[in-house]
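Chemist: dropping a prediction and its sequence here:
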Amino acid sequence: MQQLGDARRGKLADNMAGFGRALRRAGVRTDSARIALAAEAAMLVGVDSRPDLAAAMEAVMISREQDRGVFRELFDAWFRDPELANKLLSQMLPSAEGKAEPSKRRPRVREALAAPRDPVQAAQTEREVDFDAAMTASDRQRMHHADFNALGAAEYRLVERLARDVALPVPSVAARRLHAAGNARAHSRMNWPGVWHEAGRTGGEMLRLPRLSRRTLPLPLLVLIDVSGSMERYARLLLAFLHAATRRAGRRDVFAFGTQLTDLTPAFRIADTDAMLGAAGQAIADFAGGTRLGASLAELRRNHARRLTGRRTLVLVISDGLDTGEPEVLEHELQWLKRHSRRVLWLNPLLRYEGYAPLARGAAVLHRHADAMLAVHNLNALEQLASSLAALMRCGR
C-alpha cells in the first residue's frame, strides 16, 4: 500500500504528530491514541480532498464543542501548504529564525503556533504565575485587567480559577413573613401577642417588649447567557464565575441561548464547578453558533414563564448584543420581560472598548430596555459587578 505523505518530502506523518502536539499546546484534549486514529482516518479518506481530510481528523481528535473552532483554525494554518508546514515544524528547533507576522488568530492558536519554550523554563513560568496569583501584585494586576478574549490557554485556565473566587452577593429584599427581632431595629413593630404572653409570665409586669421585623431574602435570579460564536471565550469563564459566586443565593435559574434556548438550571445544581461545566457542555447543542435572543425569549415566555417570581426577579442578560433575529420580535419579548421582573441588567463584554456604542439593531433594542449596561470582560469588571448591582437596586425604578 502506498504510504500517505508529501510526494516530494514524505513528511505527512511528522506533520500529523506535530499537529497533535500543537493541539495540546492550544488546550485541546488529545493524546497519542487520537493522533494514531487521525493517521488511520487520513489513510481511509486520502489527501485528495482537503475538506474531507479535515472532517475525518476532526471527528476522531475533537470531543468538546468549544474546541472545534480552535481545531479548524489550526488545521487551516498547519496544512495550508507543504512549505508552511515545514516552516512551522522548524519552529520546534531552538534556533528558529524569523518572526511570524501579526495575525488575527485566536490566542490559543497563536500560542500553539509559537515556538515552544524550554521545558524547565516553561515549568518555572507556570509556577511563577500561580505564585503571583496568590502572593504578589505584578502579574496578578495584569491578569485582573486582561481581556478574557486576549488570554492564552494557560492564562485562561488561571483566570478561570481566579474568577471562581470573586464574590457576587445577590441583593436582598424584605420578605412578607415576619420573625422575632432581638432588639428594637429600624422598620420593626411591636409584637403585641408576645408582649401579653411575657406579661402573663411575670404577673402583669412588662419587663420585655418583643418586636417583629421582616425577613430579608435574596432576590430570585434569572441568568440568560449568550453562547454564540462571538461569545465563545466569555461563556465558559462567566458560567464558572456565576456558578461559584451565586452558590449561596436563593432561587437561581440559568438559561443559555444561541439559536435556541437551553435550560442549564439542572447543571447549576451540581456542586462541583468543573462537573457543572461538563454537564452544561453536554446540554448546549448550539454552542458557537448564531444569536437569536428574541426567539429565545419567546420560548422562555411560552415554556418557562413561572421561573419569573412576580416582579422580584433580577434578570442578567450576558451578551454582546449581536442579535441576528428580527428587532420587532426582540422588542416585544423584552417588553414582556420588563413587565415581569424587577430589573433587567445587560452584562456586555464589548464595553472593553472605550468608544463602544450599541449601534447594531439588536444591541440598540436591548440597550433601550435594559435598566443598566455593565462590563464583564475582565476580572476587575467582575469584582466591580457586586457593588454596581447593590447601587442599582438602591435606585428607584
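Modeler: Looks like it arrived, so ask away.

Chemist: can you map out the helices along the stretch 1-150 of the chain?
Modeler: Applying DSSP state H, counting those that start in this stretch to the stretch 1-150 of the chain gives helices spanning 12-25, 32-45, 50-61, 68-78, 82-90, 107-113, 119-134, 138-145.

Chemist: least confident of the ones you listed, on average?
Modeler: In terms of average pLDDT, helix 119-134 trails the rest of the helices of the stretch 1-150 of the chain, at a mean of 45.

Chemist: quote the end-to-end distance of stretch 337-355.
Modeler: Terminal residues of stretch 337-355 are spaced 29 Å apart (CA to CA, to the nearest Å).

Chemist: give me the buried stretch members for that stretch, please.
Modeler: Across stretch 337-355, burial judged by 16 or more other CB atoms under 10 Å covers 337-338, 340-352. Glycine gets a C-beta too; all of them are placed from N, C-alpha and C.

Chemist: and what of stretch 36-47?
Modeler: Those would be 37-39, 41-42, 45, for stretch 36-47 by 16+ other CB under 10 Å.

Chemist: tell me which residues are up against that stretch.
Modeler: Residues from elsewhere that reach stretch 36-47, judged by CB atoms under 8 Å, 6 or more residues apart in numbering: 4, 12-13, 16, 19-20, 52-53, 56-57, 59-61.

Chemist: what's the spacing between it and its chain's center?
Modeler: 35 Å (CA atoms, centre = their mean, to the nearest Å).

Chemist: same deal with stretch 305-324?
Modeler: 16 Å.

Chemist: and what of stretch 375-387?
Modeler: 13 Å.

Chemist: with stretch 62-81 instead?
Modeler: Distance, centroid of stretch 62-81 to centroid of chain: 21 Å (CA atoms, centre = their mean).

Chemist: cool, stretch 374-385 as well?
Modeler: 12 Å.

Chemist: repeat for stretch 261-279
Modeler: Its chain's C-alpha centre and that of stretch 261-279 lie 12 Å apart, by CA atoms, centre = their mean.

Chemist: just stretch 66-84 next, same as before
Modeler: 25 Å.

Chemist: check which residues of that stretch are buried.
Modeler: Neighbour counts over stretch 66-84 (16+ other CB under 10 Å) mark 66-67, 69-71, 73-75, 77-79, 82 as buried.

Chemist: before we move on, what about stretch 175-194?
Modeler: For stretch 175-194, the buried set under the neighbour-count rule, 16+ other CB under 10 Å, comprises 181, 188, 191.

Chemist: one more: stretch 54-67?
Modeler: Within stretch 54-67, the residues that qualify as buried are 54, 56-58, 60-62, 65-67, counting by 16+ other CB under 10 Å.

Chemist: can you classify the residue lying closest to M206 once chain neighbours are set aside by secondary structure?
Modeler: Using CB to CB, 6 or more residues apart in numbering and skipping residues adjacent in sequence, the residue nearest M206 is A199, 5.2 Å away. Of the three states, A199 takes helix according to DSSP: H, G, I helix; E, B strand; the rest coil.
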